[in-house]
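Chemist: kindly generate the corresponding structure for this input.
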Amino acid sequence: MTTKSTVLVVSSTGMLGSKIVAALLDKGNINVLAMVRSSNDSNEENRQKIDEMKAKGAVIVEGFISASYHKSLDGTKVVNYAQWKSQADWQAFTQDPQGAALGEKIKQVGIKASEASSYQVQRVIEA
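Modeler: Here you go, the predicted model:
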């Protein structure tokens with residue numbers, strides 16, 4: 001018996017993200033976690049995309065804002081900086097069985113040690 005792969009798609013309501021989600025769901029053998037800021041998006045087009053993704057079987061993950069992955073120059077360390085709308089949204093993702101399974105897969109990419117911490121934004125400085 002073949003197990004389904006799980007794919008996490010960020011910016012799922014964006015022009016490219018929504019097309020990626022649709023293509024993965026059309027394959028029929030992939031679990032899709034579609035990350036969105038909110039399923040109650042004020043943009044009618046985004047709400048329609050979310051409804052279509054749900055109808056086709058995607059799991060909607062709310063509250064995700066962004067993620068940045070930085071690899072050390074010697075290739076031995078990775079820093080993941082992810083932003084979520086709230087601590088509750090992050091916890092819901094990590095407690096969801098598919099989200100937890102995805103987290104385990106990420107740990108298996110050769111990172112020798114992993115440490116997770118939560119922080120609160122105090123200031124943003126832009127150029």
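Chemist: so how far is Ala100 from the closest residue in space to Ser5 that isn't next to it in sequence?
Modeler: Of all residues not flanking Ser5 in the chain, Ile30 sits nearest, at 5.3 Å (C-beta to C-beta, 6 or more residues apart in numbering). The way it works is simple: take the backbone N, C-alpha and C, and place the C-beta from them, glycine included. For Ile30, the distance to Ala100 equals 18 Å [C-beta to C-beta, to the nearest Å].
Chemist: so those two - more neighbours on which side?
Modeler: The residue with more neighbours, out of Ile30 and Ala100, is Ile30; 15 against 11, by other C-beta atoms under 10 Å.
Chemist: tell me the pLDDT of that one.
Modeler: With respect to pLDDT, Ile30 scores 88.
Chemist: do the one 4 residues further on as well
Modeler: Each residue has a pLDDT score; the one for Ala34 is 90.
Chemist: again, but for Ala113
Modeler: For Ala113, the model assigns a pLDDT of 58.
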